[in-house]
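**Student:** next come a sequence and a model predicted from it.
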There are 2 protein chains.
Amino acid sequence: MNQRAKTMAENRAKLISAARKAFAEKGFAASSMDDLTADVGLTRGALYHNFGDKRGLLAAVVEQIDSEMAARAHQAGAKAADDWQGLLTEGTVYIELALDPEVQRIVLLDGPAVLGDPSQWPSQSNCLQSTKLTVERLIAQGTLKQIDAEAAARLISGAALNAALWVAASTTPKEVLPKAIVAFQALATGLLKTPA
Amino acid sequence: MNQRAKTMAENRAKLISAARKAFAEKGFAASSMDDLTADVGLTRGALYHNFGDKRGLLAAVVEQIDSEMAARAHQAGAKAADDWQGLLTEGTVYIELALDPEVQRIVLLDGPAVLGDPSQWPSQSNCLQSTKLTVERLIAQGTLKQIDAEAAARLISGAALNAALWVAASTTPKEVLPKAIVAFQALATGLLKTPA
DNA sequence: ACATTTAACATACGAAGCGTATGTATACTA
DNA sequence: TAGTATACATACGCTTCGTATGTTAAATGT
């Protein structure tokens, strides 16, 4: 790798890292690009050269977090006994992931508001894509009812993520979390062809 | 009613009405308060006197739309044969409501991003409250499993609203909508004690 | 009825912040 | 080693928000 390419990659990483902190703590709108760049010893010049504009930086941050989420969800789902248990644990992982302030503020709140619907993102929401594939397998196996796979994946993850927002906003998250997980798993059985 | 109180109420209504249009079309962040107030023959002075700040105006708009949503959902649910059918139709109504650009942009995207979690709003999300009550009745009747009512209401509406965002972002909403509704109703049966 | 006060709104001001246009210095290239 | 390209810095203008102050019309009291 070139010297130039190396320092450029380093600077991109620095900016993304700083943005994750700033966006998570203060929100996208309240984060000053002057402050953010100064924190890592750069100026806004570097920002606009690397990411085009403020939204571009957010997009890069979202993509990074989304891929981390997908990795963790996939990893957890792979440990399950079968695909059905995998779907359930994947949903549970979503709920737990969304307890992370970074995920919540950046991916669930500011992301959709600033960048639009997640399914339209360049990263195409790896997170969602993974559950869609699992659902498709389960339908093919005859475990789930024959419904639209994307619709099911959307609803499942939507329910999970929304529940997570509720848990996080709660004053007693530790008490509320198990309730959310129980309700989620109950709801999910509605997709089964023959309820357990 | 006083003359002062009357014109003040009129001005508030004008500003809220203009804000609904501007926020829905351009989003909260991109809406200029100078332009918005000028459109109804006022200045920012009126705005800051009536609503405190820009967020205050958004809160007022959200509250108005939320109450309209709750009214429509309740109205539709009341026509149903029983509470269970009422819950299903209420969810379906949510999906259809979220197809409205105003609801989508203001209540589902900018609202949570700017004002925080809906359950913390002053309006306390009448929309959600209504389904929670229905769920509580159904649990008491023994129709639904004994799960936390708020969790169930959260998940149900979360699934519906998230599905609606998907439908709206789709290039072929008319084709996707029925799929979303089918998937939603399938999912909802997971809450039943004895699946239909 | 008239003076006084209140308050709803307008005007004026200052401070950020964003995006762009231009400058500069350092790493690549021939 | 001279030239070039580019990653980033600097400088500028524009917009926008929030506040502090002014103004006018309605409400109040005697």
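**Tutor:** Sure, I can see it.

**Student:** who's in contact with the residue positioned nearest the centre of chain A?
**Tutor:** Centrality entry for chain A: nearest residue to the mean C-alpha point is A:Asp66, 4.4 Å, by Cα atoms, centre = their mean. Taking Cβ atoms under 8 Å, 6 or more residues apart in numbering or on different chains as the criterion, A:Asp66 is in contact with A:Val107, A:Trp121, A:Ser123, A:Ser125, A:Asn126, A:Cys127. Yep, even glycine has a C-beta here, placed from its N, CA and C like the rest.

**Student:** OK, contacts around the residue nearest to it when sequence neighbours are not counted?
**Tutor:** Across the structure, with Cβ to Cβ, 6 or more residues apart in numbering or on different chains as the measure, the residue nearest A:Asp66 apart from its sequence neighbours is A:Ser123 (5.0 Å). The contact partners of A:Ser123, taken as Cβ under 8 Å, 6+ apart, are A:Val62, A:Glu63, A:Asp66, A:Ser67.

**Student:** would you say A:Ser123 is within a helix?
**Tutor:** No. For A:Ser123, which was evaluated using DSSP: H, G, I helix; E, B strand; the rest coil, the result is coil, with no helix membership.

**Student:** any idea how far it is from chain B?
**Tutor:** 15 Å (Cβ to the nearest Cβ, to the nearest Å).

**Student:** ok, the helix or strand containing A:Ala24 near DNA strand D or not?
**Tutor:** Assignment of secondary structure by DSSP states H and E places A:Ala24 within helix A:3-26. Yes. Judged by Cβ under 7 Å from any atom of the strand, helix A:3-26 comes into contact with DNA strand D at A:Arg4, A:Thr7, A:Met8, A:Asn11.

**Student:** what is the helix or strand of chain A with the lowest mean pLDDT packed up against?
**Tutor:** Each helix and strand of chain A was given a mean pLDDT (mean pLDDT, DSSP states H and E); the minimum falls on helix A:149-169 at a mean of 89. Packed against helix A:149-169, as judged by 3 or more Cβ pairs under 8 Å, 6 or more residues apart in numbering or on different chains; DSSP states H and E, are the following elements: helix A:83-97, helix A:126-141, helix A:173-188, helix B:149-169, helix B:173-188.

**Student:** using PDB, write out the CA atom coordinates for the longest one.
**Tutor:** Presented in PDB, the C-alpha positions along helix B:149-169 are these (Å, rounded to 0.1, in the frame of the first residue of the first chain):
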ATOM      1  CA  ALA B 149     -49.400  -6.200  27.300                       C
ATOM      2  CA  GLU B 150     -47.200  -3.300  26.600                       C
ATOM      3  CA  ALA B 151     -44.500  -5.600  25.100                       C
ATOM      4  CA  ALA B 152     -47.200  -7.200  22.800                       C
ATOM      5  CA  ALA B 153     -48.600  -3.800  21.800                       C
ATOM      6  CA  ARG B 154     -45.200  -2.500  21.100                       C
ATOM      7  CA  LEU B 155     -44.200  -5.500  19.000                       C
ATOM      8  CA  ILE B 156     -47.500  -5.500  17.100                       C
ATOM      9  CA  SER B 157     -47.400  -1.900  16.200                       C
ATOM     10  CA  GLY B 158     -43.700  -1.900  15.600                       C
ATOM     11  CA  ALA B 159     -44.100  -4.700  13.100                       C
ATOM     12  CA  ALA B 160     -47.000  -3.000  11.400                       C
ATOM     13  CA  LEU B 161     -45.300   0.400  11.100                       C
ATOM     14  CA  ASN B 162     -42.000  -1.100  10.000                       C
ATOM     15  CA  ALA B 163     -43.900  -3.100   7.300                       C
ATOM     16  CA  ALA B 164     -45.500   0.100   6.200                       C
ATOM     17  CA  LEU B 165     -42.200   1.800   5.800                       C
ATOM     18  CA  TRP B 166     -41.200  -1.000   3.600                       C
ATOM     19  CA  VAL B 167     -44.300  -0.800   1.500                       C
ATOM     20  CA  ALA B 168     -44.000   2.900   1.100                       C
ATOM     21  CA  ALA B 169     -40.300   2.700   0.100                       C
END
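
**Student:** buried residues in it?
**Tutor:** Counting neighbours by 16 or more other Cβ atoms under 10 Å in any protein chain shown, one finds that the buried residues in helix B:149-169 are B:149-168.

**Student:** same check, this time on the shortest one
**Tutor:** Applying a neighbour-count criterion of 16+ other Cβ under 10 Å, the buried positions in helix A:83-97 are A:83-84, A:86-97.

**Student:** got a markdown table for these, with distance to DNA strand D and pLDDT too?
**Tutor:** Written out in a markdown table, the entries for the buried residues of helix A:83-97 read as follows (distance: Cβ to the nearest atom of the strand, whole Å; pLDDT from 0 to 100):
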| residue | distance to DNA strand D | pLDDT |
| --- | --- | --- |
| A:Asp83 | 44 | 95 |
| A:Trp84 | 47 | 96 |
| A:Gly86 | 41 | 95 |
| A:Leu87 | 42 | 94 |
| A:Leu88 | 44 | 95 |
| A:Thr89 | 41 | 95 |
| A:Glu90 | 37 | 90 |
| A:Gly91 | 38 | 91 |
| A:Thr92 | 39 | 93 |
| A:Val93 | 35 | 92 |
| A:Tyr94 | 34 | 88 |
| A:Ile95 | 33 | 91 |
| A:Glu96 | 34 | 92 |
| A:Leu97 | 31 | 90 |
